Every structure is written in C-alpha cells, then in structure tokens.
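coords please:
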Amino acid sequence: MKFVLMKGQSQYGSLRLHVDQLAAALRELAHEVQVVDLAAPEGQGELQATFGAPPDCYFGIGGLGAELSSGGASVYDQLGVVYATLHVDHPVHQAPRVTAPIRRHVAFFLDRSHVQFVSAWPTAKIAQVGFLPPGANELPEPVDASDEAFGARDIPLLFTGTYRGAPQPAWAAWEASPARDLVAEVADRMAADARLPILDALKAAMAARGAQLTADLFDQLVPLLQTPQAFAEAYHRDRLLHALGAAGAPLHVYGNGWEPLAQRYPSFVYGGVGSFEETLHLLRRARLVLNTNNGFVAGGHERVFTAMCAGAAVVSDASRYYADAFKEGREIITFAWNRLDEAPGQILELMSDTPRLAGIARGGWKRAMAEHRSVRSRRPHRQGGEAGPLSSASYSAGVPQKTTSSRPISR
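Residues are numbered from 1 along each chain as shown. Down below sits the predicted model:
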C-alpha cells in the first residue's frame, strides 16, 4: 500500500517523532510511505502535489488534516481514498476533527472508553473505529538492562509533561441552568472516581435526575463535556504532585508550567522545558518513571511503554489495559486514586529497594520490548550479555473493533 503521513506542530516534538517511527514501521512492512511536514514552509505544496497521484491512505495523528475540503466536500472523498488517524487525547477535545465528514474515515484511539464515546456520538459518523495502544519510542542505541547498569542510573524519579496548575471549574462562570448543574455533577463524579469514563459519569448524572441519555441529547451535550473532562484530568494530576511534594519525594520534572511547584517543594528538581528527544535520553538515566494517564481509564499512555523500553521501572495510576498487559509488581507498579494517600509512601519504599526496582524495570523492559514497540527490529538489546526478545510492530497490531454510525447510547 501507499501512505502519505502528515505531521505538524507538536508540543515537545513527540507527535512528530511518532509519525517518523510509524513511517519506519510501515516501510519495514514493505509499504510505500511519504511523510509531509505541514509545519514546514513547503508542506502545503508537498501535500497538494500528492493529490495528482494519491496514495491509498492519508494519515495524521490527532485528526491532523481531517478537515481538508474543497468546494464543501472532503478532499479524501474526492480522491476516493482512506483517511486514517490515531487520536492521542480524549475525542471530546478534538470534536471538529472527530466529526469531519469523510466517507472512508478510520479512527484509532488509545483507550477503549474513547471508542465507546465516539460509537455513541451520532455526529461522529466514522466508518471504522478501533482501540490501538501506543508503541514505544526509542533511541537507536541498545539498552543495557543489567543490574550494574541500572545501579548507575542517576535520576531516582522522573516525570515529563506539562503542569497546568490547579483545576479550574470553568462552568462556575456560566449562567445558572440545568446544563451547568449537570456538567458540575459530571465533573464531581469524575473527580471522585478517576477510573470513571465521562460517558458513564454523564449517564449516572442523568439517571440521578430520573432521565435517560438519548442519542439526540448526547449530541447536544457533547460541546459542554470538554470542560469536565479537562477538569478531571488536571484534578488528579494536581493531587498526586502535591502529595509527592508534601512527602518530600525527589521528583525530577521537565516540561512547561513547573516553576510554581518547583519553588514550593524543595525536593522537586526542575530541569527546564526540554524536548521529547531529550526525554528519550533522560529515560535512560531514570530508575523510576512516574506516569499519570490523564483520562486513559481503559487504555495506555505512550510514556509507559517508552520508559519501559528505555530500561526504567514505571509507577502509574491503574488502568484496565495495564492490568491486562502487565504483571503487577513484576513488570509495573500501579496505585489507586481512591487510596492516593498511600501512593507517596508506596513510591518512596519502592525507590529504597534497588534490587526490587531493578527487577521490575527488567520485567517491564522484556514485556515492552516484545509487545509494545512501534518499529520491528532484530537488534539485540543487552541484558548482561544476553540478547533481548524479538520485537513486534505495535502499530500493525491493532485492528478496528467496531463499525459505527448513529446509534442509541449503550454500555
């Protein structure tokens, strides 16, 4: 098959690297691939040039390019080709791209609850949707997964990403209305239970009012749901970081927005904004990497698999997907949001036991190298002189699970 992969702006450069690694994986599978950089001055011209001899499929992460149209019709429909995407955020944050009218629209999501959400959304008339967990990003140099190499790592606890501050209840500024009260309750339910998907929280809030969530009503409410979804994501990350700071956890942080927390908590070490390329090197120095899923209640964050393939141990909030994919305590450590007060002690105790931490790191490394990589490779990775397992291409492993159109809302 012939693919055109589009890449654009990306905070820290992560999505741009994802596209490059997907291109490598597809080429390894003998497909013809062209990468078009829409952030470059010549990008638009290069994309338009492909219309003369179109590929079988155009692809953009996060719905990039989905809204391309000419004369009121989708460019992809006029060309008679597939448009495919992998959404890396909750679909409520990308409503125009998720609902772009494309006949041969294929959309993958990092979380099964996101698939459920778009399957219930009448306006999201996507031809095929599927769950596709992310593959790890890696540096080309082999990882030494021996105990000796692990003991030489000099970052005890690492977190990379953005700190957006304390969550803001934006609906508080809205005029009093039943819709405002409903949104507030949805946010409260998601704050109380971090593993509650927004669709389930909405259904519960409606049921508490003696009402049923119909497809038409859901369609009307979707524009209001970005607010409680963003609130819940920020709420849980903020709670965890303050709990770790209060416990004196030696957390090394990189990304935007960290200055207030770094000033408040002496144990936090702020290394600057950094880039995704720098993060890949930092992961090689980290013993333990902290992850928060940010709305992936039944899926996974790329950070987990990338950290594991870099030889670091991972501690994360629980996800139904991690429970299926990894052995708890042997390949990953997870904590429960409803027992957050226990998480700092759990993390500090883990950090104090280097042999155990090294064992978890090696277990996660083996699993991720075998099942959660973006690119196929037979390159040996050193584990005390032993070759690591052969890898698989995570991007080629996912298959659409459901064909969707307008439908009633169900679990």
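
got the contact list for the one residue sitting closest to the centre of the chain?
With distances taken as Cα atoms, centre = their mean, the residue of the chain nearest its centroid is H301 (3.9 Å). By Cβ atoms under 8 Å, 6 or more residues apart in numbering, H301 lies in contact with L110, P134, N291, T292, N293, N294, S316. All C-beta atoms are positioned from the backbone trio N, CA, C, and that covers glycine.

repeat that with 7 Å
Counting by Cβ atoms under 7 Å, 6 or more residues apart in numbering, H301 touches N291, N293.

And the one 4 residues further on, by the same measure?
Applying Cβ under 7 Å, 6+ apart, one finds that F305 lies in contact with P134, G135, A136, A368, H372.

Ok, A184 next?
A184 neighbours (Cβ under 7 Å, 6+ apart): W171.

just checking, it is part of a strand?
No. Using DSSP: H, G, I helix; E, B strand; the rest coil, the secondary structure at A184 is helix, not a strand.

So the chain: which segments form each domain?
2-131, 147-166+237-393, 174-223 (automatic domain parsing).

For those domains, give me CSV that also has distance to A230 and mean pLDDT.
Below are those laid out as CSV (distance: least, Cβ to Cβ, whole Å; pLDDT from 0 to 100):
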stretch, distance to A230, mean pLDDT
domain 2-131, 7, 95
domain 147-166+237-393, 9, 89
domain 174-223, 9, 96
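
Take the ones you listed and write them to TSV, including distance to Q229.
Output for those, formatted as TSV (distance: least, Cβ to Cβ, whole Å):
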stretch	distance to Q229
domain 2-131	5
domain 147-166+237-393	6
domain 174-223	5
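
Looking at those domains, which is nearest to F231?
domain 174-223 (4.8 Å; Cβ to Cβ).

Could you work out the end-to-end span of the closest one for me?
End-to-end distance of domain 174-223 (Cα to Cα, to the nearest Å): 14 Å.

how many other residues sit next to R104?
Neighbour count of R104, defined by other Cβ atoms under 10 Å: 16.

same deal with R330?
R330, neighbours per other Cβ under 10 Å, totals 13.

ditto for the one 10 residues further on
L340 is flanked by 16 other residues according to other Cβ under 10 Å.

That one belongs to a helix, doesn't it?
Yes. According to three-state DSSP, L340 belongs to a helix.

show me the contacts for it.
R239, L240, A243.

So which of the residues you listed wins on neighbours?
Result: L240 is most packed of the contacts of L340 (other Cβ under 10 Å), 21 neighbours.

ranges for the strands of the stretch 51-200 of the chain?
Ranges of strands within the stretch 51-200 of the chain are 57-60, 69-70, 73-74, 82-87, 105-109, 128-131, 155-160, based on DSSP state E, counting those that start in this stretch.

about what we covered before: nearest to T162, out of the contacts of F305: which one, please.
Closest to T162, out of all of the contacts of F305 and judged by Cβ to Cβ, is P134, at 17.8 Å.
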